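K.L.:
Next comes the sequence, and after it the predicted model I'd like to discuss.
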Amino acid sequence: MNIFELRDRLINDYNAYISSFFQIRDPAIRAKVEESVDAGLLWPESLIQLNPAFAPGAWIDELVAEGVLHDECKRIFRKDKSRSEYHGSGRPLRLHRHQEDAVRIARQGHNYVLTTGTGSGKSLSYIVPIVDHVLRRGSGRGIQAIIVYPMNALANSQEGELRKFLQLGYPEGQSPVSFARYTGQEDDAARQAIIANPPAILLTNYVMLELILTRRAERPLIAAAQGLRFLALDELHT
């Protein structure tokens, strides 16, 4: 497929479509309209952009061998993990350079802001350090990380990613790191379950985070977050 030929066909079809709605009798006006349409009045010029590959970084297994990451990370962070195979499922995962840098900075206990392109794995840049910390400290010891999203759709998507890493490859109910979404979409039973048994990783939005800080019903979550280590703000520019 020639993308430029496809673009020309689409524009010609669209031009024929909009031209079918009217007939201009005045020759001068008709000529002016045709000139403007031919000049691209109703559609922009083709935009060509480079899509550079992100610099490769270390493999998860290499960071584990180096002692940067907990040993269990090489089982958690793998591609194409199986729902039924519990040991060695999936393929090794290699990080981009900026992801590796973020992991090392977090491991040193420093704050960081990561700005990079769409589809470059920004979320993994904080998920890996968070999971590593929980593995070292132990799950079931209160809320150790809060991730704040500007939209529920992002929180829902990230919850799916966490399931892929933290549940696939493990028997049901034996995830090494607990997590939960608390965004206002949950029914009362789910909210009460989270309050009664706070997860190690809490996914929320800024509205619910404010309510957690101010409402009496959510005070147990505040008490459970005394060992909070990570506060991650996804899509900070929004």
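P.N.:
Perfect, thanks for sending it.

K.L.:
Tell me how many other residues crowd the closest residue to Leu162 other than its chain neighbours.
P.N.:
Residue nearest to Leu162 in three dimensions, not counting chain neighbours: Phe179, with 5.1 Å by CB to CB, 6 or more residues apart in numbering. Heads up, the C-betas are built off the backbone N, CA and C, glycines and all. For Phe179, the neighbour count with other CB atoms under 10 Å is 24.

K.L.:
how about Phe179, phi and psi?
P.N.:
Per-residue torsions, Phe179: phi -150, psi 160 (degrees, to the nearest 10).

K.L.:
Could you say which helix or strand holds the closest residue to Gly227 other than its chain neighbours?
P.N.:
Closest residue to Gly227 apart from its sequence neighbours, by CB to CB, 6+ apart: Gly142 at 5.1 Å. Remark: Gly142 resides in no helix or strand, with elements defined by DSSP states H and E.

K.L.:
so Gly142 touches Leu221, yeah?
P.N.:
No - the pair Gly142 / Leu221 is not scored as a contact, 9.3 Å apart, by CB atoms under 8 Å.

K.L.:
Which of the two has more residues huddled nearby?
P.N.:
Set side by side, Gly142 and Leu221 show more neighbours around Leu221, with 22 against 16, by other CB under 10 Å.

K.L.:
Strands of the protein, start to end?
P.N.:
56-59, 78-79, 91-92, 94-96, 145-149, 179-182, 201-205, 230-233 (DSSP state E).

K.L.:
With mean pLDDT and distance to Ser20 as added columns, please give those in a markdown table.
P.N.:
As requested, the strands of the chain are exported to a markdown table (pLDDT from 0 to 100; distance: least, CB to CB, whole Å):
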| stretch | mean pLDDT | distance to Ser20 |
| --- | --- | --- |
| strand 56-59 | 96 | 52 |
| strand 78-79 | 92 | 50 |
| strand 91-92 | 90 | 53 |
| strand 94-96 | 96 | 49 |
| strand 145-149 | 97 | 45 |
| strand 179-182 | 97 | 49 |
| strand 201-205 | 97 | 47 |
| strand 230-233 | 96 | 50 |
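
K.L.:
ok, now which ones touch the residue nearest to Leu162?
P.N.:
Glu159, Leu162, Leu166, Pro199, Ala200, Ile201, Leu202, Leu203 (CB atoms under 8 Å, 6 or more residues apart in numbering).

K.L.:
which residue packs closest to the residue nearest to the spatial centre of the chain, ignoring adjacent ones?
P.N.:
Central residue of the chain (CA atoms, centre = their mean): Ser123, 4.6 Å from the mean position. Of all residues not flanking Ser123 in the chain, Gln158 sits nearest, at 5.9 Å (CB to CB, 6+ apart).

K.L.:
That neighbour contacts Asn205, correct?
P.N.:
No - judged on CB under 8 Å, Gln158 makes no contact with Asn205 at a distance of 11.5 Å.

K.L.:
So for these two, which sits in the more crowded spot?
P.N.:
A direct count of neighbours by other CB under 10 Å for Gln158 and Asn205 places Asn205 higher, at 22 against 19.

K.L.:
between Gly142 and Leu221, what contacts are shared?
P.N.:
Listed contacts common to Gly142 and Leu221 are Pro198; contacts here mean CB under 8 Å, 6+ apart.

K.L.:
wait, Ala232 sits on Val131?
P.N.:
No - between Ala232 and Val131 there is no contact, the gap being 12.0 Å when judged by CB under 8 Å.
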